[in-house]
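Colleague: This is the structure alone, sequence omitted:
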């Protein structure tokens, strides 16, 4: 596609600013809570809270203790993508990790509960 452009016509009329022009303009200051990292944390926390609520609504703790839980079968298709994203992220395996998938998921659920409790206690003190 770039080979179809003439080197003189298309690029010369391009509205791209040169570095010296860009440095003369000032960007508006973003509030700290609107910074990308802060927004990502809020999105992640919202996903974690949604996943924990989904777990609480659909998973029987007695079945979980017996190790006989079909996560995907117990959680509806509308809620599965967020739940799966959070749990699979927390249950990620690393080199040398000898835990089974069920063990990693159990640890992920504990981590998820700790994340949500920490966020709730932090919000209460703010």
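Modeller: Structure's in. What do you need? Quick caveat: nothing in here was measured; it's all calculated off a predicted structure. Residues are numbered from 1 along each chain as shown.

Colleague: Need the contact partners of the longest helix along the chain.
Modeller: In the chain, with assignment by DSSP state H, the single longest helix is helix 101-125. Contacts to helix 101-125, defined as CB atoms under 8 Å, 6 or more residues apart in numbering, come from residues 45, 48-49, 51-52, 55, 67, 71, 86-87, 90-93, 97, 99. (Glycine included, C-beta is placed from N, CA and C.)

Colleague: That one: which residues count as buried?
Modeller: 104, 105, 108, 109, 111, 112, 115, 116, 119 (16 or more other CB atoms under 10 Å).

Colleague: Closest to residue 38 out of those residues?
Modeller: Proximity of those to residue 38, judged by CB to CB, is greatest for residue 119, which lies at 13.3 Å.

Colleague: I'd like to know which helix or strand in this protein has the lowest mean pLDDT.
Modeller: Of all helical and strand segments in the chain, the minimum by mean pLDDT, DSSP states H and E falls on helix 9-12, at a mean of 49.
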